[in-house]
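In: Just need the structure, nothing else, for what follows:
(one chain, ligands or ions: 2)
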Amino acid sequence: MYRSTLMHTPGNPFLTPGAMQVEEDGALLVTDGVIAASGPYHTLRGSYPEVPAVDLRGGVLLPGFVDTHVHYPQVRVLGALGMPLLDWLDHNTLPEEGRLADASYARTVAHEFLHGLTANGTTTALVFGSHFAPAMDEFFGAAQASGLRIIAGQVVSDRLLRPELHTTPEQAYAEGRGLIGRWHGQGRLRYAVTPRFSLSASEGLLEACAALLALAPDLALTSHINENSREIDVVRNLFAGARDYLDTYERAGLVTSRSVLAHNVHPSDRELEVMAGCGCAVAHCPCSNSALGSGLFPLRRHLQAGVQVALGTDVGAGSGFSMLKEGLQASFVQQVLGEQGVTLGAAHLLYLATRAGAEALGVEAITGDFTPGKAFDAVYLRPDDAGTLGTVVRHAESPERVLSALFTLGSQADVARVWVAGDEVYAAPGRPRFNPVWT
Ligand SMILES: O=c1[nH]c(=O)c2nc[nH]c2[nH]1
Ligand SMILES: [Zn+2]
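Out: Ligands and ions are numbered 1, 2, ... in the order given. So this is what the prediction gives:
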């Protein structure tokens, strides 16, 4: 049993006010990694007098974060500011992605990347992989050892990047099939078919991706869409017969309820309608959109159309692995949009960072909130009493204000412990260990 302040969003606060549930002195009973009961601590204590409680008072226990868009090979190139997308790819990012041809280099990067996720409280992630199959074997091996829930795949492209990053439809299919056979469905791992974006993928390569997607019903598909005006112009010229950017994927059969497309900063109404109809989700990456000057995300139009939206950090165009920071930036972007924006309160941010991500990835029956029957995937945030966040939390007049302070001021430094399916996957170094106590 875990005793703490609990906050989670089993409902959707965009549809239902009051969808966030809070227990200021709450408890979760966890059996074999699954939440067996939840409620006020004293109620659970009465029902289960013999069960020891891990005392996590003084902080807040949230569902583990779900990052729906983050690039494994880009951890070392975080922090290059001031470039638009295509320059940023050419000058900053693709040279580094080429280095993952060396499997031992890739192994080190995989560990750095996975540590970034766990140390920030992310327990489930849809990960854009490397262009190299051996680098993906290294990654999946490390991901399996990390205990995280990871959906990832080899990135494929056959034009307009750098020659060493290009494949062919035949090679992409053969390597993808091999990786799926070795890793898809192993423990907490799943495979995502990953064309980089239509700009770098011929129609033949997109067809090879569709053939991979047909290999199993629970494979995912991820790519980029409508991020930057210059990119959109290039795609328009490359696919003369396509109605719009989405159509380049649609014609290949890649737009389904298993698809998660990142960015969509500049969608048409038709694209939003099709995405909503298919159940294709959008990974909104506000830090990346701001850093690359891609634009201000039209959240209101997505919500009005009924498109599922979740958050992605988009490391390395974004600003790090913190889903707290991503939530804060999402709120800032909507504020900057004025009347066209959607005011995002703490409950919206928590939903976007947890349950919405689980829904986008089709894993909401397993993770994303603390409803009994879900896995115990959780992050324990314990601000330092001496810091500004500690001060604000101590004086906050409501749990909602505590949560918005966590999104505003919280960081990796406040992540004390992280669990996936009841397994502790991270404990902050130098923090006191919390031993089971009888209370
Ligand atoms: O933000 C982005 N990061 C990338 O690595 C990328 N590749 C294509 N389009 C992209 N957008
Ligand atoms: Zn990306």
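In: dump the residue contacts of the residue of the stretch 301-439 of the chain at minimum distance from ligand 1.
Out: Closest contact between the stretch 301-439 of the chain and ligand 1, by Cβ to the nearest ligand atom, is at Ala317 (4.0 Å). Backbone N, C-alpha and C define where each C-beta goes, glycine included. Contact partners of Ala317, counting by Cβ atoms under 8 Å, 6 or more residues apart in numbering, are 74, 85, 88, 93, 285, 288, 291-292.
In: which secondary structure element contains it?
Out: Here Ala317 sits in a region with no helix or strand, counting by DSSP states H and E.
In: I'd like to know how far it sits from Val155.
Out: Look at Ala317 and Val155: by Cβ to Cβ, to the nearest Å, they are 14 Å apart.
In: next one: Asp244
Out: Distance from Asp244 to Val155, by Cβ to Cβ: 23 Å.
In: So between the two, which is more surrounded?
Out: Between Asp244 and Val155, counting by other Cβ atoms under 10 Å, Val155 is the more crowded of the two (29 against 19).
In: What's opposite the more buried one in the beta bridge?
Out: Assessed by DSSP bridges, Val155 has beta-bridge partners Thr194.
In: who are the neighbours in contact with it?
Out: Neighbour list for Val155: 128-131, 194-196 [criterion: Cβ under 8 Å, 6+ apart].
In: again, 7 Å this time
Out: Shown in contact with Val155 (Cβ atoms under 7 Å, 6 or more residues apart in numbering): 128-131, 194, 196.
In: what does the stretch 201-350 of the chain have sitting close to ligand 1?
Out: Proximity of the stretch 201-350 of the chain to ligand 1 is confined to 224, 227, 288, 314, 317 under the rule Cβ under 6 Å from any ligand atom.
In: Ala386: how many residues sit nearby?
Out: 7.
In: So it: helix, strand or coil?
Out: Secondary structure, DSSP: H, G, I helix; E, B strand; the rest coil: Ala386 is coil.
In: try Val379
Out: Here Val379 is recorded as strand under three-state DSSP.
In: how far is the helix ranked longest in the chain from where the chain is centred?
Out: When the chain is parsed with DSSP state H, its longest helix is helix 103-119. Chain-centre distance of helix 103-119: 16 Å, with Cα atoms, centre = their mean, to the nearest Å.
In: Who are the packing partners of that helix?
Out: helix 133-146, strand 423-427 (3 or more Cβ pairs under 7 Å, 6 or more residues apart in numbering; DSSP states H and E).
In: Can you tell me how far the closest residue to Leu409 other than its chain neighbours is from His302?
Out: Nearest non-adjacent residue to Leu409, counting by Cβ to Cβ, 6 or more residues apart in numbering: Leu389, 4.0 Å away. Separation of Leu389 from His302 (Cβ to Cβ): 31 Å.
In: Equivalent analysis for Leu89, please.
Out: 25 Å.
In: Asp218 now?
Out: Counting by Cβ to Cβ - Asp218 and His302 are separated by 25 Å.
In: on that earlier part again, any chance of the contacts of Ala317 in TSV with secondary structure, pLDDT and distance to ligand 2 as columns?
Out: Shown next, in TSV, are those (DSSP: H, G, I helix; E, B strand; the rest coil; pLDDT from 0 to 100; distance: Cβ to the ion, whole Å):
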residue	secondary structure	pLDDT	distance to ligand 2
Gln74	helix	98	8
Leu85	helix	98	9
Trp88	helix	98	11
Thr93	helix	98	10
Cys285	coil	99	7
Ser288	helix	98	7
Ala291	helix	98	12
Leu292	coil	98	10
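In: can you tell me which two in the residues you listed are farthest apart?
Out: Thr93 and Cys285 (14.4 Å; Cβ to Cβ).
In: Show me which of the two is the more surrounded one.
Out: When Thr93 and Cys285 are compared on other Cβ under 10 Å, the one with more neighbours turns out to be Cys285, at 32 against 21.
In: residues contacting the residue lying closest to that one once chain neighbours are set aside?
Out: Among residues not flanking Cys285 along the chain, Asp314 sits closest, at 3.7 Å (Cβ to Cβ, 6+ apart). Applying Cβ under 7 Å, 6+ apart to Asp314 gives the contacts 69-70, 262, 285, 287-288.
In: could you redo the last one with a cut-off of 6 Å?
Out: Going by Cβ atoms under 6 Å, 6 or more residues apart in numbering, Asp314 touches 69, 285, 288.
In: Tell me what angle the helix or strand harbouring the first one forms with helix 103-119.
Out: Assigned by DSSP H and E, His69 falls within strand 65-71. Orientation check (axes from the mean of the first three to the mean of the last three Cα atoms, to 10 degrees): strand 65-71 against helix 103-119 gives 150 degrees.
In: hang on, Thr367 packs against Ala375?
Out: Yes: counting by Cβ atoms under 6 Å, Thr367 touches Ala375, with 5.4 Å between them.
In: Bridged to the spatially most central residue of the chain, which residues?
Out: Taking Cα atoms, centre = their mean, the centroid of the chain lies closest to Asp67, which sits 1.1 Å from it. Beta-bridge partners recorded for Asp67 (DSSP bridges): Ala125.
In: go on, His284?
Out: Leu311.
In: tell me the strands in the stretch 301-439 of the chain, going along the chain?
Out: 309-311, 378-381, 415-420, 423-427, 436-437 (DSSP state E, counting those that start in this stretch).
In: What residues of the fourth one count as buried?
Out: The reference is to strand 423-427. 425-427 (16 or more other Cβ atoms under 10 Å).
In: can you narrow those to ones near ligand 1?
Out: Counting by Cβ under 6 Å from any ligand atom, no member of these reaches ligand 1.
In: Alongside ligand 1, which residues does the stretch 1-150 of the chain contribute?
Out: Residues of the stretch 1-150 of the chain lying close to ligand 1 (Cβ under 6 Å from any ligand atom) are 71, 85, 89, 93.
In: Now rank those by neighbours and give me the top one.
Out: Going by other Cβ under 10 Å, His71 tops those with 25 neighbours.
In: Which pLDDT value goes with that residue?
Out: On the pLDDT scale, His71 is placed at 99.
In: I'd like the average pLDDT over stretch 3-19.
Out: 97.
In: Ends of it, what's the gap?
Out: 22 Å (Cα to Cα, to the nearest Å).
In: quick one on the thing from earlier: in terms of secondary structure, what does the helix or strand following the strand holding His69 contact?
Out: Counting by DSSP H and E, the next helix or strand C-terminal to strand 65-71 is helix 85-87. Using 3 or more Cβ pairs under 6 Å, 6 or more residues apart in numbering; DSSP states H and E as the contact test, no helix or strand touches helix 85-87.
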